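Engineer: Below are the sequence and a predicted model; questions follow.
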Amino acid sequence: MVSPLRWRDGTLEILDQTRLPAEEVWIRCSTPDEVADAIRRLAVRGAPAIGIAAAYGLALAEPSASGIERAADLLGSTRPTAVNLRWALERGRRAFESAGADALLPLAERIAEEQREADSRIAVHGAALFGQRERVLTHCNTGALATGGRGTALGTIEAAWEAGRVELVWVDETRPLLQGARLTTYELGAVSIPYRLVADSSAGVLMTRGLVDRVIVGADRIAANGDVANKIGTYPLAVLARRHDIPFCVAAPLSTVDLASPDGDAIELEQRDPAEITRFGSAQVAPADAEAVNWAFDVTPHDLVTAIVTEAGVLEAPYDRSIADVLSTSQSAA
Ligand code: MRU
């Protein structure tokens with residue numbers, strides 16, 4: 001299993017995902033500023049991995065109240081949609097207040113370990129949803145690179161494949177930064193799961209030809225009512241899945257649920273540099289003066305979601321109730 005992060009000799013090393021799959025380059029970060037830069041430019045990405053990187057970033061801050069506050073503000077400003085980032089930094093702030101700076105590295109390690117455990121449980125719960133030899137479509141990258149564990153949606157697919165429940169994975173390329181084409185193919189290939197890479201706009205033809213049995217994706221934030229923010233292009237998949245009566249499932253840890261967002265309208269959706277879509281790799285494809293808008297995420301309304309797979313089990317509609325119930329149970333167990 002590839003790991004997106006490792007702690008070595010007092011520094012955080014980040015596997016630069018912008019260079020994958022061509023080369024495995026590790027970036028050494030010894031300040032929160034370097035970690036923030038790596039998160040901002042997607043060297044490390046995927047909501048859980050961003051949260052873990054930020055927790056380690058806080059452990060690299062100057063060990064004073066103002067140093068921690070400055071680092072938390074900086075790291076928290078890098079990517080607005082993934083709520084795991086804010087969640088991890090909030091835990092860091094509380095740990096510093098109650099136990100000082102020495103508590104920050106153990107906390108980052110604990111968050112990473114909790115994610116590995118959550119991923120394992122998500123995989124078991126999610127795999128049980130699959131029938132026999134399904135053809136499953138996924139979007140973006142939700143594997144080990146995105147979480148540091150087994151992955152969320154991709155971990156579920158892998159567990160289902162091991163149980164003979166997956167025949168083939170359709171991998172959306174995931175424009176504009178190609179997390180599907182570069183990273184999901186890399187991870188599926190490493191464990192020899194059969195896949196076919198397709199252009200993002202292929203879902204319609206695949207579904208009309210009866211070639212998709214299930215869609216499963218991850219999430220960057222799930223609102224209290226079950227609306228799901230995820231990589232741009234997820235919502236159209238959910239609309240198509242409903243039209244073709246195909247289950248549309250979301251797999252995410254409970255740390256991705258944000259009760260402070262009552263619904264999807266309350267979720268800030270990241271917009272990134274338009275150059276990411278006017279260029280393709282190093283080539284300028286649009287006219288140099290082309291105006292572009294680069295939304296990085298969209299929101300899938302809860303009524304299009306068949307199930308949300310979490311470490312605590314599979315949630316179903318009505319999501320406002322199932323989410324509130326699972327969170328109150330997991331908080332009282334903690
Ligand atoms: O922009 P990215 O690559 O960070 O977007 C990642 C996604 O959209 C994932 O689906 C989500 O973070 C879940 S990762 C387990």
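Structural biologist: It's in. Numbers count the residues shown, from 1 in each chain.
Engineer: Neighbours of the closest residue to I193 other than its chain neighbours, how many?
Structural biologist: Nearest residue to I193, sequence neighbours excluded (C-beta to C-beta, 6 or more residues apart in numbering): W161, at 5.1 Å. The way it works is simple: take the backbone N, C-alpha and C, and place the C-beta from them, glycine included. For W161, the tally of surrounding residues (other C-beta atoms under 10 Å) stands at 23.
Engineer: buried stuff in stretch 318-334?
Structural biologist: Neighbour counts over stretch 318-334 (16 or more other C-beta atoms under 10 Å) mark Y319, S322, I323, V326, L327 as buried.
Engineer: In three-state terms, label the residue nearest to I193 for me.
Structural biologist: Three-state call for W161 (DSSP: H, G, I helix; E, B strand; the rest coil): helix.
Engineer: any idea how far it lies from V169?
Structural biologist: Look at W161 and V169: by C-beta to C-beta, to the nearest Å, they are 8 Å apart.
Engineer: Now list whatever residues contact both of the two.
Structural biologist: I193 (C-beta atoms under 8 Å, 6 or more residues apart in numbering).
Engineer: which parts of the protein sit against the ligand?
Structural biologist: 45-48, 82, 140, 142, 146-147, 152, 179, 217-220, 230-231, 296 (C-beta under 6 Å from any ligand atom).
Engineer: Which stretches in the stretch 151-300 of the chain count as strands?
Structural biologist: 166-172, 195-198, 214-217, 221-223, 228-231, 248-251, 257-258, 271-272, 279-280, 283-284, 294-295, 297-300 (DSSP state E, counting those that start in this stretch).
Engineer: And for the longest one, what's in contact with it?
Structural biologist: Under the criterion C-beta under 8 Å, 6+ apart, residues 130, 133-140, 157, 160-161, 180-181, 184-185, 188, 193-200, 202-203, 206, 211-212, 233, 237 lie in contact with strand 166-172.
Engineer: Can I have the buried ones of these as a ChimeraX selection?
Structural biologist: To isolate the buried ones among the contacts of strand 166-172 in ChimeraX, judged by 16+ other C-beta under 10 Å, type:
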select :130,134,135,136,137,138,139,140,157,160,161,180,181,184,185,188,193,195,197,198,200,202,203,206,211,212,233,237
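Engineer: in whichever helix in the chain runs longest, what's buried?
Structural biologist: Of all the elements of type helix in the chain, the one with the most residues (DSSP state H) is helix 104-127. Of the residues in helix 104-127, 104-105, 107-108, 111-112, 114-116, 118-119, 121-123, 125-127 count as buried by neighbour count, 16+ other C-beta under 10 Å.
Engineer: Run the angle between it and strand 166-172 for me.
Structural biologist: 120 degrees (axes from the mean of the first three to the mean of the last three C-alpha atoms, to 10 degrees).
Engineer: Could you list every helix and strand in contact with helix 104-127?
Structural biologist: strand 5-8, helix 47-59, helix 83-99, helix 144-147, helix 153-162, strand 248-251, strand 307-310, strand 313-315 (3 or more C-beta pairs under 8 Å, 6 or more residues apart in numbering; DSSP states H and E).
Engineer: Can you add mean pLDDT and give the ones you listed back as CSV?
Structural biologist: CSV is the format used below for the helices and strands packed on helix 104-127 (pLDDT from 0 to 100):
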stretch, mean pLDDT
strand 5-8, 98
helix 47-59, 98
helix 83-99, 97
helix 144-147, 98
helix 153-162, 98
strand 248-251, 99
strand 307-310, 98
strand 313-315, 98
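Engineer: what would the ones you listed look like in CSV with distance to E34?
Structural biologist: CSV is the format used below for the helices and strands packed on helix 104-127 (distance: least, C-beta to C-beta, whole Å):
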stretch, distance to E34
strand 5-8, 13
helix 47-59, 8
helix 83-99, 16
helix 144-147, 19
helix 153-162, 28
strand 248-251, 31
strand 307-310, 32
strand 313-315, 37
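Engineer: what stretches of the stretch 101-250 of the chain score poorly on pLDDT?
Structural biologist: Along the stretch 101-250 of the chain, no part satisfies pLDDT under 70.
Engineer: Out of the buried residues of stretch 318-334, the closest to T310 would be?
Structural biologist: If you rank the buried residues of stretch 318-334 by distance to T310 using C-beta to C-beta, V326 comes first, at 6.5 Å.
Engineer: got the contact list for the spatially closest residue to the closest one that is not a sequence neighbour?
Structural biologist: The spatially closest residue to V326, leaving aside those adjacent along the chain, is A312, at 5.0 Å (C-beta to C-beta, 6+ apart). Shown in contact with A312 (C-beta under 8 Å, 6+ apart): R121, L254, V326, T329, S330.
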